[in-house]
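**Student:** structure here, sequence nowhere to be found:
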């Protein structure tokens, strides 16, 4: 836990070689940026335990290497795009709502 606040920086999608992104347990707000879909080598994405108002962007389906995807304990809303559902079928994922 780093106590980061604010939103996920828009330039994060430029880190093309990133394989793991763990921003869990902070105070991040806003949504998941579609630019995260540019991280095609991403293996692990953990955004749990923040204050994200989450609409899961369909661009995450481009992350074909994604095996661990966690959004638990956020303010989930909307639906999971069909393309992403297919990807998540082979990934360990946690999308529990904020409780």
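**Tutor:** It's in. If you're wondering where the values come from, they're calculated on a predicted model, not measured in any experiment.

**Student:** where do the strands of the protein begin and end?
**Tutor:** Taking DSSP state E as the criterion, the chain carries its strands at 5-6, 20-22, 27-30, 44-46, 51-54, 68-70, 75-76, 92-94.

**Student:** might you report the residue contacts of residue 52?
**Tutor:** Contacts for residue 52 (C-beta atoms under 8 Å, 6 or more residues apart in numbering) come out as 28-32, 71, 74-75. Where you see a C-beta, it was placed from the backbone N, CA and C, and this is true even at glycine.

**Student:** change it to 6 Å
**Tutor:** Contacts for residue 52 (C-beta atoms under 6 Å, 6 or more residues apart in numbering) come out as 28, 74.

**Student:** now do residue 43
**Tutor:** 19-20, 65, 67.

**Student:** most surrounded residue in these?
**Tutor:** Of the contacts of residue 43, residue 67 is surrounded by the most neighbours, 15 neighbours in total, counting by other C-beta atoms under 10 Å.

**Student:** ok, that one to residue 25 distance?
**Tutor:** 21 Å (C-beta to C-beta, to the nearest Å).
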